[in-house]
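# build me a model from this:
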Amino acid sequence: MIWIWEIVKKAERYLSSIMLGLSVLLMLYQVLMRYVFKTGALYWPEELITYFVVWTMFLGVGVLLNRREGLTSLLLIKMKLPHVPKETLSIATSILGILFSIYLAIAGFETVIWAFSTKITSNTPNMVPLYLPYLILPIAGILWTVHWLILLFSSDLSVLIKKGRASIGAWILLAAIAAALYIVFVVSRNNPIEGLFILFMLLLVTAMPISFSLGIATTLVVTAADIVTSWSLVEKLFWSISSFSLLAIPFFILAAAIMSKADLTKHLLGIGRLVFERFRSGMAMAVVSSSAIFGSMCGSSTAASSAFGITAIPEMEKKGYSRAFSAALIGASGTLAIIIPPSTVLVLYGALAETSVTELFIAGIVPGVLITFVLMGFSWIKAPKSNPKTDRGTPDEKKERSLTILQGISLFALPLVILIPIYTGIMTPTETAAVSALYAWAISMFIFRSIRLRDWIQILGETVSLSALIYAVVMFSGAYGFTLTSERLPQILLQAAGTTINTPWIFLLALNIILLVLGCFIGPAGLLVMVVPIILPIAEKLGINLVHLGIVLTVNMELAFLTPPIGENLYVVARVAGLSFEEIAGSIGGLLLVLFACLALITYVPGVSLLFL
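Numbers count the residues shown, from 1 in each chain. Here you go, the predicted model:
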């Protein structure tokens, strides 16, 4: 039986990778036919790509469950709990995950039967019978159930069966969690909104990942209050991740994965050192500027932090920088990837707010450049303490960098390949993302010769995992947002805001404070999907430009990557640097202060974001 499941897991991993690869190829085919052969927009590739990516992400969540990635909340990792409570919370989340996955499988099967019996088709010229793409719902539910079962029985279940006080304490904790969930479930029948938020926070406290916290809380509330049918709810999970603009996210992440595998960060850093070696703190300036350029190529903050952490920390140590300061600076520089276009966060906001991604990308240029120069200036000020040695390279280092400069043209052409088609309106951001992945592969394979064809499955697999982390949050947020809207929460808040928050600057101040607090505990993707449906009507009533609002939110997301106790970028660079989270958190304070100053300027001077619009 075990060998059968091993085959299924491999099939899940390879199928998701292959489907993502086919999606990229189909998008490139559409670009070729549309812009070279002038055939106009093709409907069938676009629809097929959408279904491929949706299937990929549902399977990708299963891959994450199998690899145990993105499942344990970083908050749980930071919690100083004894062994028994931690294991008990892990068991509780596994049980909840099993129940939710069974619900998805049953409701998904009902959705397929409904779509088949009604003969409903897609709203496109292709008229695809929707029961076919809906098949992923019961399939994913079954696969997730088995993954959660394996996680449950691989946990330390002995804490529940050992004799003594530990066993009693574990049982009491599980019973308390179950009782609390039931009480809130009952409350939700008459007060769905209150129940939704209480359930969500309770699930976060039990260390359930934010994506499943959103999904389970919404499912319980919708069931208790009888808001929609179960099959209608899971149908919303499917369509919430089918937006064409969201397709840019896995394609940009693929470009980042290719560049990381090809070790292009080493070449970028070499060029940066060549430019800034005459300056005090030139090595730190090279790291910041190279991170900004890398960000303009991929749009992934954690990818930038991880890649530069591996490459730059040893080099910075050689030049006299402390390991903690080096890691903190790289973590802060990595956040430039989500403000400098292309940005996966801006793509996500654009989809949630139904705002032009192209305009958001244009608006991100000046704030991104501003923050880059501010971080470079901060590193220059810190140089006397952190960098007692010169940054001038040795003859061997200079020779190596002179070789990389010959390849520099191909590197620096990549941002142009991404940005020019978007800003001129030649291609959509999603099409450009696919082209950027092709270009990254071409220069890595034929110019730098640093990846091979057999590396593709690993690269695609990594892309699926990173993309699924974001898509899982978006998937469950669709039902969450629908619940808020159906209970008229935005309208209620809009009416309340009319009497308490009547000026844009008060609203933006309150928003920044709330996001700062929430960002300490919730990651950027989860934070966006939680707040955007709520604040959008208020911002529109106050006359705040939605593009400007998107940039303000994105800079707040930068801070969320860096603020303890979660701080995803700090967690990434801590692992790369071999340091504790606390050691790096102690060096991030000054960097956070200058980023707060940038946030204030960007918030209250809209012209910084809207200069080119």
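
# chain center to stretch 314-329: distance?
27 Å (C-alpha atoms, centre = their mean, to the nearest Å).

# report the rounded mean pLDDT for that stretch.
For stretch 314-329, mean pLDDT rounds to 85.

# do stretch 121-138 as well
For stretch 121-138, the per-residue pLDDT averages 92.

# could you list the domains of this protein?
Segmentation of the chain into domains, based on automatic domain parsing, reads 2-242, 246-467+566-610.

# can you get me the start-to-end distance on the last one?
In other words, domain 246-467+566-610. Terminal residues of domain 246-467+566-610 lie 23 Å apart, using C-alpha to C-alpha, to the nearest Å.

# let's have the chain start at 698 instead
Renumbered: residue one is now 698, and that last one reads domain 943-1164+1263-1307.

# how far off centre is that domain?
The answer for domain 943-1164+1263-1307 is 15 Å, by C-alpha atoms, centre = their mean.

# circling back: nearest to residue 1202 among the domains of the chain would be which one?
The minimum distance between residue 1202 and the domains of the chain falls on domain 943-1164+1263-1307, with 6.5 Å, by C-beta to C-beta. No exception for glycine: its C-beta is placed from N, CA and C like everyone else's.

# and the residue nearest in space to the middle of the chain, what helix or strand is that in?
For the chain, residue 1167 is the residue whose C-alpha lies nearest the centre (C-alpha atoms, centre = their mean; 4.2 Å). Residue 1167 belongs to helix 1153-1183 when assigned by DSSP states H and E.

# flag every buried residue along that helix.
For helix 1153-1183, a neighbour-count test (16 or more other C-beta atoms under 10 Å) marks 1156-1181 as buried.

# next: stretch 841-851.
Result for stretch 841-851 [16+ other C-beta under 10 Å]: buried residues 841, 842, 843, 844, 845, 847, 848, 849.

# closest to residue 743 out of the residues you listed?
Nearest member of these to residue 743, counting by C-beta to C-beta, is residue 841, at 28.0 Å.

# surely that closest one forms part of a strand?
No. Residue 841: not assigned to a strand; according to DSSP: H, G, I helix; E, B strand; the rest coil it is helix.

# per-residue confidence for it?
pLDDT, residue 841: 94.

# quick check: closest non-adjacent residue to it.
Distance criterion C-beta to C-beta, 6 or more residues apart in numbering; nearest residue to residue 841, sequence neighbours excluded, is residue 798 at 3.8 Å.

# show the contacting residues for the one you found.
838, 839, 841, 842, 844, 845 (C-beta atoms under 8 Å, 6 or more residues apart in numbering).

# with those in mind, which one is nearest to residue 1127?
residue 841 (27.5 Å).

# double-check that closest one against residue 794; I have them as touching.
Yes. If you go by C-beta atoms under 8 Å, residue 841 and residue 794 touch, sitting 7.2 Å apart.

# for residue 1167, which residues are in contact?
Residues near residue 1167 by C-beta under 8 Å, 6+ apart: 946, 1041, 1045, 1222.

# how close does the spatially closest residue to residue 1205 that is not a sequence neighbour get to residue 1253?
Distances taken as C-beta to C-beta, 6+ apart put residue 1300 closest to residue 1205, at 5.2 Å, once the chain neighbours are dropped. Separation of residue 1300 from residue 1253 (C-beta to C-beta, to the nearest Å): 9 Å.

# intersection of neighbour lists for these two?
In contact with both residue 1300 and residue 1253: residue 1209, using C-beta under 8 Å, 6+ apart.

# tell me how far residue 722 lies from residue 979.
Residue 722 is 42 Å from residue 979, by C-beta to C-beta.

# any chance of a markdown table for the domains of the chain, columns distance to residue 1211?
Converted to a markdown table, these look like this (distance: least, C-beta to C-beta, whole Å):
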| stretch | distance to residue 1211 |
| --- | --- |
| domain 699-939 | 14 |
| domain 943-1164+1263-1307 | 13 |
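
# which of these is buried the deepest?
domain 943-1164+1263-1307 (a mean of 21; mean count of other C-beta atoms under 10 Å).

# wait, isn't residue 1246 in contact with residue 1236?
Yes. In terms of C-beta under 8 Å, residue 1246 counts as a neighbour of residue 1236; the distance is 5.2 Å.

# who has more neighbours out of the two?
Shown here are residue 1246 and residue 1236; by other C-beta atoms under 10 Å, residue 1246 has more neighbours (26 against 22).

# next one, pLDDT for that one please.
pLDDT, residue 1246: 96.
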